[in-house]
Every structure is written in C-alpha cells, then in structure tokens.
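*Asks:* Let's see this in three dimensions:
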Amino acid sequence: MLLLFSVAAWHESVQLSALADSDVWWHLSTGAWILQNHTVPHTGLFSQYPDLPWIASNWLFDVLLAAAYKLVGISALVIFLMAFKVTIAVLMFALARGSRLNFWPAVLLGATAQYSIPDLPGPIVWSVVLFAIELKLLFRTRRTGKVRPLFWVPFLFLVWANVDMGFMFGLFVLFLFSVIEFAEEIRHCSGAGWFAGQVPRVPLRIAAIVTAASVIATFCNPYFFHLYSAACKELWSIVPYVHGLRAISFRRPQDYVLLLLAMAAFFFLGRQRSQNLFEITLMIGCLALAFTRRRDTWLLAVASVAVIAYTFPISSESAEMENGGRMWRWEKLVTAGLVIFVFALAAITQIPGSGKALLKRIGETFPVRASDYIRANHLPSPLFNAYDWGGFLTWYLPEYPVSIDSRTGLYGEELDSRYFKVTTSEIPLDADPSFANAPTILLPKDSPMAIALSTVPRFQVAYQDNVAMVLLQGR
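*Replies:* Residues are numbered from 1 along each chain as shown. Purely as a prediction, here's the structure:
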C-alpha cells in the first residue's frame, strides 16, 4: 500500500511535469490577481482582448494555488500535483473496495487506474477526486440501501462548482442516478418484466431532495447561474487543433490500458448478466466521452474501477463489514504515516530548493530566456505568441498581453481556429489581425512557422536559443 500510494507522487517530484503544463500558469496569474483585487474577473485578463467576457470558473483553485505559491514559491505547483496524486491513489484503492477480502484486486485496479489517468496538473484533478467520491457514495447507496451517504453529495457539489467546471459531469451522473431510481420504482410497482426483482433502494423523495440540493449548491459561486453557460462553452468547445480536444489516438500505452480497463468493466457486467441500468448507462456515457475527447479519459478510468469493484460477489462477512463500517486499525495508521514521510522526503530531496533551479527547468519547455530578452530590450508590443506559451507568458511576462492562450472559454472557437489556420498556412498571415498588427513575434525555434518567417526579409530574427525565436516584423 505504501508503494501504491506514494510511487506516483515520487515520480512527479523527479519529473516535475507540473512545471511543463501550459494551463497551470494562467491559473496562477488569475489567482494572484484575485488575491490582489479581492474580486473575481469578468473580462479577459492578461489578453489583447480585454473587453471579451470571461468567467474564471476555477477561481477557488486559482486562489489556493496562488496562496501556496506565496508561501513556498514555484515548488507549490509540484507539491500540489504530488498531493493530488496521493489522494487519487487512495481514492482509487477505496473505490476498488480495498478490504482484506479483496485486497489484491483492489491493488491491481488502483494501480491500473493511476496509470491510465494522464497527468492533470490543472484544476481537473479536483474533478477526478470529487467524481471518485461521488461514485463511491452512489454505488454504496445502491448496494446497501442506506441513504445517509447521499446527504454528503450536495456538500461535494458546493466545493466542486468553485474549483472546476467538471462538476457538470457529476451533475449528469446524479441526474442519471435519480432518473433510473424513478424508472426502477415504476417497473417494480407495475410488475413489469424489465429488471424484475430489482427493488428500488432509494426513496424517490430522498433522491429528488439530494438532486435539488446539489443543483442549488452549484449556484453558490461568485458567478451564480452564469457559471453554467461558461462551463458548457468550455466543456463542449470544438477546436480540432487543440490536443486535449482530440479523440484518443492510441499511440501511448496508457490508451490501451484504459481500453482494457473499460473492456474488463463490460466483461464483468456481461458475466453477471447484469440488469443494473445505472452501471450500464454510466459506462456507455463515459466511454463515449473518453474516446472522443482525450481530456476526459479520466471519467472512463474512474467509472470502470467502480463498476468492476462493485460487480465482485459479496460474501456475508464482506457485507457485514461494509454495512457496519470498520474502525481504523494500526496497519492503516502506520501506512498513512509512512506515506506522509515518503511524501515529505520526496518534496525535500527531489524538488530543487532554489527558484533559479526551478526556473532553469521551466526554461527547457517555455521561453524564459527569450522573455528576458524581450523585457530587457523593451521590444514593441503587441506580441504574437505561440498557443502553448500563452499561459506561461501571462505569469512571466505580464507587461505584454498575450495574443492567445489555452482559455478556450475566453477566445472562442473563431479566434482559436483563426490562430491555428494562420500558424499552419491555411490562410494568409495578414488574415489574422493579432499577427498582422504584432511587431514582436515569439515562437518555438523549431516550429515550421518560425523557420519560414526567418527566411522572409520582412521579418528580422532578434533573438534565438534552443527553445524560442524572437522575430521583429517590419512595416
């Protein structure tokens, strides 16, 4: 269990993948702005489109990240992700029914789920954690018939709606749960043949109250009901050029592990001749989302673990342990203490202590030295920048508003598509005003656009290193 809970966190302390994420930087900038101004933004901060409406739907995550950054510096980004990796490992093990009776299956499922879930340094890690807790509560209620676990669900959404827009997925699952409970009660009362003998476990009154309270809880945020429009715009945006919005390409081992995990869930449902409409519909919905959008693969991983775990046969001893609850034993306390010790050891010994060392590591992915050159030489603005660098520039080069970054909810599909069409030569350069009016251009050194522009007399290479190229556009 020590290995299961701490290996992923230790690996993160060595790889520092949180520092290579393009989104986490604009979250850090937004959180710092909120702490400084004591309000939430409503327009496009740090952008060349300051009049565009924008809702910081992850505002609480941004504030927590910025507060941690003030305390410990850049290493806070890594420590945040390490903590979430431990939390996800524990929750996957708990969701897989980590009792002594099912110890090794739970270990196997937990390790498989951790491997199949990609690195998610941004606020989406909150959705992974809260979605796992939601499924744990819903599955436990359907198994035991006790409604007490459901009363925690509204508090779950109270937090969820303020940290990540993935709360919409959780609401869909809760609505699915309530609708299926309603359908099963109708079939039971009418004596219909479908799902015969399957008695509804949750009174409809309780299911309706919990669902309504959860919806009300999501309105407890600085943006009230406007959060829903922003979440829908962000979650269902279609920009084929954005890596996370593409379908799974099956070019990584994790993709095949996820596929096997989903196949195993359907196999267990079929082997039991399951008539559980909630589990079947949940798997179909998560499968459709995960295989069409790489960003949502975590949904399928968590749902598969829950379905596999709860299709295991329950012995009388296991049912008694689950219904009665188990007290914390000394083995769990020792394991928790060891995990905390290993976590602290990894944070102290593996993460560089100085900000310069971390900034040097960041410079392997982002244009640190090129940004220093732009700032030191007071190059003219506005700036045209690479898409993946926009978030970092909002934090490291805030005096130059970015032409674009990964906030699809701010720029919309039209601006995003126009940017990618310009960078791939699908439309003329002057067709994009953000490029045509930019005297300073910052691009990856080896990108086709940078290489092509460096050969055109109209553009002068002002600076380049092994990461970035800065060009000045003549008139």
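*Asks:* May I see the buried residues of stretch 291-305?
*Replies:* The neighbour-count check on stretch 291-305 (16 or more other CB atoms under 10 Å) flags 291, 293-305 as buried. Any C-beta I mention is one placed from the backbone N, CA and C, and that applies to glycine too.
*Asks:* can you check stretch 371-387 too?
*Replies:* Residues of stretch 371-387 classed as buried under the neighbour-count rule (16+ other CB under 10 Å) are 371, 373-374, 379, 382-387.
*Asks:* Return the subset of the residues you listed lying in strands.
*Replies:* Using DSSP state E, the subset of those located in strands is 383-385.
*Asks:* Please tabulate those in CSV, including the columns distance to residue 280.
*Replies:* Shown next, in CSV, are those (distance: CB to CB, whole Å):
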residue, distance to residue 280
383, 51
384, 49
385, 46
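*Asks:* Looking at those, which is nearest residue 287?
*Replies:* For these, the closest approach to residue 287 (CB to CB) belongs to residue 385, at 36.7 Å.
*Asks:* shaky segments in the stretch 51-200 of the chain?
*Replies:* The stretch 51-200 of the chain contains residues with pLDDT under 70 at 98-101, 187-200.
*Asks:* Doesn't residue 441 belong to a strand?
*Replies:* Yes - under DSSP: H, G, I helix; E, B strand; the rest coil, residue 441 falls within a strand.
*Asks:* From residue 220, how far off is the most centrally placed residue in the chain?
*Replies:* The centroid of the chain falls nearest to residue 124 when counting by CA atoms, centre = their mean (2.0 Å). Applying CB to CB, to the nearest Å, the value for residue 124 to residue 220 is 21 Å.
*Asks:* Over to residue 473?
*Replies:* As for residue 473, its distance to residue 220 is 48 Å (criterion: CB to CB).
*Asks:* go on, residue 11?
*Replies:* Applying CB to CB, the value for residue 11 to residue 220 is 36 Å.
*Asks:* Now do the helices for the stretch 351-475 of the chain: every range, in order, please.
*Replies:* Secondary structure of the stretch 351-475 of the chain (DSSP state H, counting those that start in this stretch): helices located at 355-362, 368-376, 390-396, 408-423, 433-436, 448-453.
*Asks:* Output stretch 5-17 in PDB with nothing but the alpha carbons.
*Replies:* Provided in PDB are the C-alpha atoms of stretch 5-17 (Å, rounded to 0.1, in the frame of the first residue of the first chain):
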ATOM      1  CA  PHE A   5       0.000   5.400  -2.600                       C
ATOM      2  CA  SER A   6       3.500   7.100  -3.000                       C
ATOM      3  CA  VAL A   7       5.100   5.900  -6.300                       C
ATOM      4  CA  ALA A   8       3.200   8.400  -8.400                       C
ATOM      5  CA  ALA A   9       3.900  11.300  -6.100                       C
ATOM      6  CA  TRP A  10       7.600  10.400  -6.000                       C
ATOM      7  CA  HIS A  11       7.700  10.100  -9.800                       C
ATOM      8  CA  GLU A  12       6.200  13.600 -10.100                       C
ATOM      9  CA  SER A  13       8.800  15.000  -7.700                       C
ATOM     10  CA  VAL A  14      11.500  13.700 -10.100                       C
ATOM     11  CA  GLN A  15       9.900  14.500 -13.400                       C
ATOM     12  CA  LEU A  16       8.300  17.900 -12.400                       C
ATOM     13  CA  SER A  17       5.600  17.500 -15.000                       C
END
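*Asks:* Hmm, residue 422 is touching residue 433, no?
*Replies:* No - taking contacts as CB atoms under 8 Å, residue 422 lies outside contact range of residue 433: 10.3 Å.
*Asks:* neighbour-wise, which of residue 473 and residue 220 wins?
*Replies:* residue 473 (19 against 13; other CB atoms under 10 Å).
*Asks:* Spit out the contact partners of the nearest residue to the more buried one once chain neighbours are set aside.
*Replies:* Using CB to CB, 6 or more residues apart in numbering and skipping the chain neighbours, the partner closest in space to residue 473 is residue 439 (5.3 Å). With contact taken as CB atoms under 8 Å, 6 or more residues apart in numbering, residue 439 is in contact with 379-382, 472-473.
*Asks:* So which residues of this structure form strands?
*Replies:* Counting by DSSP E, the strands of the chain are 383-385, 440-444, 459-464, 468-473.
*Asks:* So which of those strands is the most surrounded?
*Replies:* When these are scored by mean count of other CB atoms under 10 Å, the highest mean neighbour count falls to strand 383-385 (a mean of 26).
*Asks:* Tell me how far residue 305 lies from residue 273.
*Replies:* With CB to CB as the criterion, residue 305 and residue 273 are 21 Å apart.
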